[in-house]
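Colleague: output the structure for:
(4 chains)
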There are 2 protein chains.
Amino acid sequence: MFSKACKYAINAMIYISTLPEGNDRVGLKEISKAINSPEAFTAKILQILVRENLLSSLKGPNGGFEIHEEGRKTQLYRIVQVIDGDQIFTGCALGLEKCSEDHPCAVHNKFKAIREHLSGMMMTTTLEDMAKGIQNGTNFLKI
Amino acid sequence: MFSKACKYAINAMIYISTLPEGNDRVGLKEISKAINSPEAFTAKILQILVRENLLSSLKGPNGGFEIHEEGRKTQLYRIVQVIDGDQIFTGCALGLEKCSEDHPCAVHNKFKAIREHLSGMMMTTTLEDMAKGIQNGTNFLKI
DNA sequence: ATATTATCGGATATTTTTATCCTTTAATAT
DNA sequence: ATATTAAAGGATAAAAATATCCGATAATAT
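Modeller: Residues are numbered from 1 along each chain as shown, chains lettered A, B, ... in the order given. Take a look at the predicted model:
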């Protein structure tokens, strides 16, 4: 469904969102420990998220990553789009280059509803939402 | 969603199912031309499908691949399971090793409905169903 | 029996994804 | 100013997925 890079991205973004907003930033080491991901690879992914303005970072002592107010409204959809592209939302399930209503693959219509279901859910799910479950101990980021 | 191998497998199985049942077998070359897939790689995938009894094959002149009566009832679900495993049906969307009701990842419940929707559809969709759309020109296997 | 045909299966190559290493850059603190 | 800290970014390595090649095997036809 999602690439590993994307899974790390989502879990990392959620973890950062669980931390209190303010001057506190969280470092790469803590993040990758919290979500059980390879440090250097995670760094690459966070770089992309910073470049795309889904995440902000600061170098030096007390540096690290943070997400402020507005950023916590980021949709799950957006994170996936930035890391994996929107293949999963718009690409053909069977790999046809030009799959469409006019030239549908063998499962086009069968997948249509599922696509809409998936997109809809991911459009309406935000970091805030997901962070809540982690904060109150209902959901988990690792193991 | 699916690996390329799996997409080739599905399209190939559908193509073979569109052909009239009987003594007629279809060769690798024709199959990979019909679904626009690399020949040698497609051969590997067909081998797996044969080994798993989703497809039958015969060597030598007039050899090739075929699917008889019962085989045409094969569920889409089964093809995916054989080629990609059931990661997509049961695996955690965020990669947690032990994601479950008791230890759910951050999106466990959000994905639950989608998983069921997807599994249900793929359980009830058969080769026969999909072949119909190709036979009557509504759906396509390539481009 | 022998030649021909087409899948099977092992070995290998290429590409993509995942992962690591190390130098550079920028921020802070002394 | 200087040392320290942590992210940024380039280079490279390892693993997995995709793809190709070719000899072995099995079936048919002559």
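Colleague: quickly check: stretch A:88-108 near chain B or not.
Modeller: Yes - applying CB under 8 Å from any CB of the partner chain, one finds stretch A:88-108 touching chain B at A:88, A:91, A:93-98, A:103-108. (Glycine included, C-beta is placed from N, CA and C.)
Colleague: tell me the angle the helix ranked longest in chain A makes with helix B:108-124.
Modeller: Counting residues, the longest helix found in chain A (DSSP state H) is helix A:108-124. Comparing the axes of helix A:108-124 and helix B:108-124 via axes from the mean of the first three to the mean of the last three CA atoms, to 10 degrees yields an angle of 180 degrees.
Colleague: and helix A:108-124, which residues are buried?
Modeller: A:108, A:110, A:111, A:114, A:115, A:118, A:121, A:122 (16 or more other CB atoms under 10 Å in any protein chain shown).
Colleague: follow-up on the earlier one: narrow the residues of stretch A:88-108 next to chain B to just the buried residues.
Modeller: A:88, A:93, A:94, A:95, A:96, A:104, A:105, A:106, A:107, A:108.
Colleague: pick out whichever of the residues you listed sits closest to DNA strand C.
Modeller: Checking these against DNA strand C by CB to the nearest atom of the strand gives residue A:88 as the nearest, at 12.1 Å.
Colleague: residues contacting the residue lying closest to that closest one once chain neighbours are set aside?
Modeller: Ranked by CB to CB, 6 or more residues apart in numbering or on different chains and with sequence neighbours excluded, the top spatial neighbour of residue A:88 is residue B:1, at 6.3 Å. By CB atoms under 8 Å, 6 or more residues apart in numbering or on different chains, the residues touching residue B:1 are A:1, A:88, A:91, A:93, B:88.
Colleague: the helix or strand the second one falls within near DNA strand C at all?
Modeller: When secondary structure is defined by DSSP states H and E, residue A:88 falls within helix A:87-90. No - for helix A:87-90, no contact with DNA strand C is found by CB under 7 Å from any atom of the strand; the gap never falls below 9.0 Å.
Colleague: give me the distance between the residue of chain A most remote from its centre and residue A:7.
Modeller: What lies farthest from the middle of chain A is residue A:102; by CA atoms, centre = their mean that is 32.3 Å. Distance of residue A:102 to residue A:7, given as CB to CB, to the nearest Å: 35 Å.
Colleague: give me the element the residue nearest to residue A:68 when sequence neighbours are not counted is part of.
Modeller: Spatial nearest neighbour of residue A:68, excluding adjacent residues (CB to CB, 6+ apart): residue A:21 at 5.8 Å. For residue A:21, there is no host helix or strand (DSSP H and E).
Colleague: please enumerate the helices of chain A.
Modeller: A:4-18, A:28-35, A:39-51, A:76-84, A:87-90, A:108-124, A:127-135.
Colleague: just name the most buried of these.
Modeller: helix A:4-18 (a mean of 23; mean count of other CB atoms under 10 Å in any protein chain shown).
Colleague: averaged pLDDT, it. What do you get?
Modeller: Mean per-residue pLDDT for helix A:4-18: 98.
Colleague: any part of it near DNA strand D?
Modeller: No - Helix A:4-18 does not reach DNA strand D (CB under 7 Å from any atom of the strand); its nearest approach is 9.7 Å.
Colleague: the closest residue to residue A:104 other than its chain neighbours: what's it in contact with?
Modeller: Closest residue to residue A:104 apart from its sequence neighbours, by CB to CB, 6+ apart: residue B:139 at 5.3 Å. Contacts for residue B:139 were tallied using CB under 8 Å, 6+ apart; they are A:104, A:105, A:106, A:108, B:130, B:133.
Colleague: which two in those residues are spaced the farthest apart?
Modeller: A:104 and B:130 (11.3 Å; CB to CB).
Colleague: need the residues of chain A near chain B, please.
Modeller: Going by CB under 8 Å from any CB, the residues of chain A near chain B are A:1-2, A:4, A:7-8, A:10-11, A:14, A:76, A:88, A:91, A:93-98, A:103-108, A:110-111, A:113-114, A:117-118, A:121, A:125, A:130, A:133-134, A:138-143.
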